[in-house]
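[1] any chance you could fold what I've pasted below:
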Amino acid sequence: MKKVALIIPTLGGGGAERTAVLLANGFANAGLETYVIAVNLAGEKSKLKAELSPAVHLVDLACGQVKYMTRPLVAWLKQVQPDALISTMTHTNIMVYWAKQLSGITTRLICRETSTASVNLKHRTGLKKWLLQSAMRWVYQRCDVLVPVSQGVADDMQQYLGTALPKIHVIYDPVITPELYQLAQAAVEEPWFQPERSIPVIVAAGRLTEAKNYPLLLHAFAQLIQRTPAHLFILGEGEQRAELESLIHTLGLQQYVALPGFRANPFAYMAKADVYVMSSKWEGLPGALIQALALKLNIVSTDCPSGPREILEQGRYGVLVPNQDQAALSNALFKVLQGDIQTDRAQHSEQVYGLDAITQAYLALI
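    Below is the predicted model of the structure:
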């Protein structure tokens, strides 16, 4: 029996963490001896632990941060000697590569990249930028397989890291599962979502972080409700909560916007929404957008790098607006709520983003 280990910083509620859980469960169901190795599972960082299959072995390195993971990971690698390592996220990929080298074991290293290199490098200058870019080039040229989660991420990596990369396999995240449709049917208690409601509800989902650009959404929504009644329900938790709560108060949106935090079943809310909106500055492959597509929702999204244009097929399956354009976002939401814009409903999402298909794609690489 082959042994495979998926390595992730935490099991908090983010999209990368959900993908790791889904892949681990898929590998275990396929008969592999499967491990999930987390850097930190303290408190809120273990939210998704309950969603792991009992057949999956969970390992907590308990080292606090990714930069401290090398020593405990080297010890674990020497002891277990897995056949394949699948690491996720830039800094984790770099540290896992060095841990593998230090351990001296021969194991296949598959690096998953969930964000664009340009964004990773944009927020750094001088020596820090050079060091990160050099480390990314070194590791991604030497890992066995590099898996960008979208073609947009792959193209960006080629541009910013050069062409001397290993075999690149674009594999989407397995965000469509049979359970998705079952969970979507669950009842919710919030009055905004009841069938007899008279005010439409717009849903967004994702961590409260800079990338999601919720301030843009709040300003666009403030413009929207000057034209038509609406409620905005933002699912997710994160470091920008206090800032967003303050902005909601400043804009006078307390009665119209809810920040309910993390929900174990966001799909029950999404399925009952009138519109799904994504306001991100950047993405890798936005899983919630794909799930909204699978639930056949009306969709409005910024045309950010990368993912939305690829997922929505240049606007066929949802409205794309210029990135960071507040007026365009507000206007698109208004037109969708008024029924002035009609988009197709995708029929292919499960075949492209389904767990079985994605699991098989990874098994072919192990």
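
[2] looking at the chain, which helix or strand is least sure?
    Every helix and strand in the chain was compared by mean pLDDT, DSSP states H and E; the lowest is helix 117-122, with a mean of 76.

[3] from the contact counts, what lies against it?
    Helices and strands touching helix 117-122, as assessed by 3 or more CB pairs under 8 Å, 6 or more residues apart in numbering; DSSP states H and E, comprise helix 126-142, helix 151-161. The way it works is simple: take the backbone N, C-alpha and C, and place the C-beta from them, glycine included.

[4] among these, which is the most enclosed?
    helix 151-161 (a mean of 19; mean count of other CB atoms under 10 Å).

[5] for it, enumerate the helices and strands it packs against.
    Against helix 151-161 (3+ CB pairs under 8 Å, 6+ apart) you get helix 117-122, helix 126-142, strand 145-148, helix 308-311.

[6] okay, the following helix or strand past it in CSV with CA atoms only?
    Where DSSP states H and E defines the elements, the next helix or strand beyond helix 151-161 is helix 178-184. In CSV, the C-alpha atoms belonging to helix 178-184 read as follows (Å, rounded to 0.1, in the frame of the first residue of the first chain):
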residue,chain,number,x,y,z
PRO,A,178,-22.0,14.7,-3.8
GLU,A,179,-22.2,16.1,-0.2
LEU,A,180,-22.3,19.6,-1.6
TYR,A,181,-25.8,19.1,-3.0
GLN,A,182,-27.0,17.4,0.1
LEU,A,183,-25.7,20.1,2.3
ALA,A,184,-27.2,22.8,0.1
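
[7] can you pull the buried residues of helix 178-184?
    180, 183-184 (16 or more other CB atoms under 10 Å).

[8] where does this protein have low pLDDT?
    For the chain, applying pLDDT under 70 flags the ranges 163-166, 346-348.

[9] how is it carved up into domains?
    3-171, 178-350 (automatic domain parsing).

[10] which among those domains is found nearest to Y362?
    Closest to Y362 of the domains of the chain is domain 3-171 (CB to CB; 6.6 Å).

[11] specify the local secondary structure of V203.
    Here V203 is recorded as strand under DSSP: H, G, I helix; E, B strand; the rest coil.

[12] now do the contacts for the closest residue to it other than its chain neighbours.
    Among residues not flanking V203 along the chain, A273 sits closest, at 3.9 Å (CB to CB, 6 or more residues apart in numbering). A273 sits next to 193, 201-203, 233, 297 when contact means CB atoms under 8 Å, 6 or more residues apart in numbering.

[13] so can I have TSV of these showing distance to G43?
    Output for the contacts of A273, formatted as TSV (distance: CB to CB, whole Å):
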residue	distance to G43
F193	29
V201	31
I202	31
V203	27
F233	25
L297	32
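
[14] redo those as CSV? Include neighbour count and distance to Y97.
    Output for these, formatted as CSV (neighbours: other CB atoms under 10 Å; distance: CB to CB, whole Å):
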residue, neighbour count, distance to Y97
F193, 19, 45
V201, 20, 45
I202, 25, 42
V203, 25, 38
F233, 23, 40
L297, 21, 39
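
[15] looking at these, which is nearest R18?
    V203 (17.1 Å).

[16] right, and the closest one touches L235 too?
    Yes. Using CB atoms under 8 Å, V203 is in contact with L235, at 6.8 Å.

[17] what touches both of the two?
    In contact with both V203 and L235: 269-270, using CB under 8 Å, 6+ apart.

[18] re earlier: what does the least confident helix or strand of the chain rub up against?
    Contacts for helix 117-122 (CB under 8 Å, 6+ apart): 90, 129, 132-133, 136, 156-157, 159-161, 211, 282, 305.

[19] please save the CA atoms from it in CSV.
    Taking Å, rounded to 0.1, in the frame of the first residue of the first chain, the C-alpha atoms of helix 117-122 are listed here in CSV:
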residue,chain,number,x,y,z
ALA,A,117,3.6,34.3,-8.2
SER,A,118,3.1,37.9,-9.2
VAL,A,119,0.9,38.5,-6.1
ASN,A,120,3.3,36.7,-3.8
LEU,A,121,6.1,38.9,-5.1
LYS,A,122,4.2,42.2,-5.4
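
[20] any chance you could map the helices in the stretch 1-150 of the chain?
    15-29, 70-80, 90-103, 117-122, 126-142 (DSSP state H, counting those that start in this stretch).

[21] please work out which of those helices is packed deepest.
    Taking mean count of other CB under 10 Å, helix 15-29 is the most buried of the helices of the stretch 1-150 of the chain, at a mean of 23.

[22] could you give the angle of that helix to strand 201-205?
    Angle, helix 15-29 to strand 201-205, by axes from the mean of the first three to the mean of the last three CA atoms, to 10 degrees: 70 degrees.

[23] chain center to helix 15-29, what's the gap?
    13 Å (CA atoms, centre = their mean, to the nearest Å).

[24] quick one, it and helix 90-103 angle?
    50 degrees.

[25] list the helices and strands helix 15-29 packs on?
    Using 3+ CB pairs under 8 Å, 6+ apart: helix 15-29 touches strand 3-8, strand 33-38, strand 84-88, helix 287-294, helix 355-363.
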